[in-house]
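> have a look at this fold, sequence not included:
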């Protein structure tokens, strides 16, 4: 596949991430009163904008490195890896690097229980992000084994070798990506939260969940791309006329076997993720942290307290100061809320 085609694929991924999203209140189901509309909308727009900018920078840097090193024709797929890395870095920068806002005097809402990654990221996505990379590495090792111990003559060089080399480069990239994602997610969870009402805190949870979901989607996307890079060289060799001429049955067995095993590996980490989409990933955090809380009554706007003033002063990405945290219980996803209150209102 040519470098230009890979570049267009990367650009399409970046532009799809920056396409016009549904209204925030429609995706989450939370009301968005006038006091919170401006800061929440600015925060969500900033996350989308920095995701796009990061992806474009990653694409530009990756393309420049490949062109200067004269490897663009052989390893053009690396520009997609660079674009995905840039998108993840840009999307989380809004959450990590935003300066802390100061709350005015007045009541504040603090969470009584410590939050976890599973509160913000669906279990299916966590599974795919943590299981996908080792399975993708297994696909690369399987492709290498199939080509090195094939029961037929493998060409010494060719297009298949370029694909195999690119797949090999993706293996350490996956390992570094997984490590960086876990560190970044922990840093996001450590950031304080400031809120003057439960609704404001719930919106901050939704924004934080959005950033973490995009972050954990990176190793999933890289795992899928690595599996594609692994199965392609085997397919190129197994379907080459000069190879099939003397080994019809062997090439069919190796090619179809590699395809089916890779498909199985992809299914292992993607099927649980696809099930999560049926439940609504945007509302996962509300099911985990705000189960049983009704934000739709007529007193929502009046119940904001001083959050109208606080929200206007929150700098992007909006931060919230957490109260004393207690160990989390064993709530089931979407289950009933715990008997004791999960939040408290403090006086400044």
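That came in fine, so what should we check first? This structure is a prediction, so every number in the text was calculated from the model and none was measured. Numbering: from 1, shown residues only.

> for stretch 170-188, which positions count as buried?
By 16 or more other CB atoms under 10 Å, the buried positions in stretch 170-188 come out as 170-171, 173-174, 177-178, 180-182, 184-185, 188. All C-beta atoms are positioned from the backbone trio N, CA, C, and that covers glycine.

> now do it: distance to the chain's middle.
11 Å (CA atoms, centre = their mean, to the nearest Å).

> any idea how many residues pack against residue 163?
25 (other CB atoms under 10 Å).

> need the per-residue pLDDT for it.
On pLDDT, residue 163 comes in at 81.

> just checking, it touches residue 229?
Yes. When contacts are counted by CB atoms under 8 Å, residue 163 is listed as touching residue 229 (6.0 Å).

> ok, and what's touching stretch 241-261?
Applying CB atoms under 8 Å, 6 or more residues apart in numbering, the contact partners of stretch 241-261 are 139, 142-143, 146, 150-155, 231, 234-235, 237-239.

> show me where the protein has its strands.
107-111, 343-347 (DSSP state E).

> please pick the buried ones from the contacts of stretch 241-261.
139, 142-143, 146, 150, 152, 154, 231, 234-235, 237-238.

> in the residues you listed, find the pair that's most separated.
Greatest spatial distance among the buried ones among the contacts of stretch 241-261 (CB to CB): 139 and 152, at 20.7 Å.

> re earlier: for the strands of the chain, which has the smallest mean pLDDT value?
When the strands of the chain are ranked by mean pLDDT, strand 343-347 comes last with a mean of 51.

> measure residue 36 to residue 227 for me?
To residue 227, residue 36 is 42 Å away according to CB to CB, to the nearest Å.

> settle it for me: which of these two has more neighbours?
A side-by-side neighbour count of residue 36 and residue 227, using other CB under 10 Å, places residue 36 first with 29 against 26.

> surely that one meets residue 203?
Yes. With contact defined as CB under 8 Å, residue 36 reaches residue 203; the gap is 6.0 Å.

> how about low-confidence regions in the stretch 201-348 of the chain?
296-348 (pLDDT under 70).

> all helices for it, in order.
Secondary structure of the stretch 201-348 of the chain (DSSP state H, counting those that start in this stretch): helices at 241-244, 248-279, 284-289, 307-313.

> return the distance of residue 243 relative to residue 84.
Taking CB to CB as the criterion, residue 243 is separated from residue 84 by 33 Å.

> higher neighbour count, the two?
Between residue 243 and residue 84, counting by other CB under 10 Å, residue 84 is the more crowded of the two (27 against 22).

> state the number of residues packed around the nearest residue to that one once chain neighbours are set aside.
Nearest non-adjacent residue to residue 84, counting by CB to CB, 6 or more residues apart in numbering: residue 221, 5.4 Å away. Taking other CB under 10 Å as the criterion, the count of residues near residue 221 is 20.

> which ones are touching the spatially most central residue of the chain?
Closest residue to the average C-alpha location of the chain: residue 217 at 2.3 Å, with CA atoms, centre = their mean. Contact analysis of residue 217 by CB under 8 Å, 6+ apart lists 88, 125, 129.

> in a markdown table, list those along with pLDDT and neighbour count.
A markdown table is the format used below for the contacts of residue 217 (pLDDT from 0 to 100; neighbours: other CB atoms under 10 Å):
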| residue | pLDDT | neighbour count |
| --- | --- | --- |
| 88 | 73 | 27 |
| 125 | 92 | 25 |
| 129 | 92 | 28 |
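
> next, format those as CSV and append distance to residue 32.
Output for the contacts of residue 217, formatted as CSV (distance: CB to CB, whole Å):
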residue, distance to residue 32
88, 27
125, 25
129, 29
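
> inside helices: which ones of those residues?
Among the contacts of residue 217, the members falling in helices (DSSP state H) are 88, 125, 129.

> just name the closest of those to residue 208, please.
Checking the ones in helices among the contacts of residue 217 against residue 208 with CB to CB, the nearest one is residue 125 at 14.4 Å.

> wait, the closest one sits on residue 213?
Yes. Using CB under 8 Å, residue 125 is in contact with residue 213, at 6.3 Å.

> now do the shared contacts for these two.
The contact sets of residue 125 and residue 213 overlap at residue 281 (CB under 8 Å, 6+ apart).

> correct me, but residue 32 touches residue 40?
Yes. The pair residue 32 / residue 40 is scored as a contact, 6.2 Å apart, by CB under 8 Å.

> who has more neighbours, these two?
Neighbour count, other CB under 10 Å: between residue 32 and residue 40, residue 40 has more, with 24 against 19.
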